[in-house]
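Visitor: Predicted coordinates and the sequence they were generated for:
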Amino acid sequence: DSIGYWTFTDIMEELKAGISPFHGGFGLINNNGIKKPGYFAYLFLSKLGREILIKGEDFIVTRKDDEIQILAYNFAYFDDLFLKGDTSALTYEERYKVFESKENLENQIEIEGLSGKYRITRYELNRDNGSAFDEWLKLGSPENMTMEEVEYLKMKSCPKMTAECLSIEGKYSFNISLPVHGLEMVIVKKVY
């Protein structure tokens, strides 16, 4: 019914923010106002319908009125060394070596019983689409960012979005390929 999060931004009263724009703060938005992937994960959760059609270990399918929402994710948990307190693999610019090794996740989705014209909207959130941290690394990891760099990262922090309109009679099938730490949402909305 509800979910809470410890702190909205990296600006906290209890702790002094780190020097780096991506210093490991708990917030959904960093101290420059750049949205982190966690922000968009909550956005996708808010798009889910109340009626659960099916759910599995790495996906959920819901419905709201004439709209079906599919949310799939490839979650990787921390590795054993990190869980035992060994933070040696975690550096200023390397944040992914503390997670367990996993393969890409492939899912084939089929939705039956469709009839009419539908708008298919897909959102992709992964290291290549919507990761402000990875874009910051590509930018050269600047400590004291200019306003232009901040605005650039704000734009690059958004998930990839595609949309198409299709006439569907019967079944709609599609593939989802998720890299580790990836998330994809597909919304199938009846237009008429």
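Guide: Alright, I've got the coordinates.
Visitor: I figured residue 60 was touching residue 48, is that so?
Guide: Yes - between residue 60 and residue 48 there is a contact at 6.9 Å, judged by Cβ atoms under 8 Å. (C-beta placed from N, C-alpha, C; glycine too.)
Visitor: Next, show the common contact partners of these two.
Guide: residue 71 (Cβ atoms under 8 Å, 6 or more residues apart in numbering).
Visitor: and the nearest residue to residue 108 once chain neighbours are set aside, what element?
Guide: With Cβ to Cβ, 6 or more residues apart in numbering as the measure, residue 175 is the residue that lies nearest to residue 108, at 5.6 Å, once sequence neighbours are left out. Secondary structure from DSSP states H and E places residue 175 in strand 160-178.
Visitor: Show me which positions of that strand end up buried.
Guide: Neighbour-count burial for strand 160-178 flags 168, 172, 176, 178 (criterion: 16 or more other Cβ atoms under 10 Å).
Visitor: just checking, what's the longest strand in this protein?
Guide: Longest strand in the chain, counting residues (DSSP state E): strand 105-125.
Visitor: Paired strands for that strand, with orientation please.
Guide: strand 160-178 (antiparallel), strand 183-190 (antiparallel) (DSSP bridges).
Visitor: Secondary structure of residue 60: a strand, I assume?
Guide: Yes - membership of residue 60 in a strand is supported by DSSP: H, G, I helix; E, B strand; the rest coil.
Visitor: Who does it form a beta bridge with?
Guide: Bridge pairing for residue 60 - DSSP bridges - gives residue 55, residue 71.
Visitor: Could you pull up the contacting residues of the residue nearest the centre of the chain?
Guide: Centroid-nearest residue in the chain, with Cα atoms, centre = their mean: residue 125, separated by 4.0 Å. Shown in contact with residue 125 (Cβ under 8 Å, 6+ apart): 37, 40-41, 44, 131, 159-160, 182-184.
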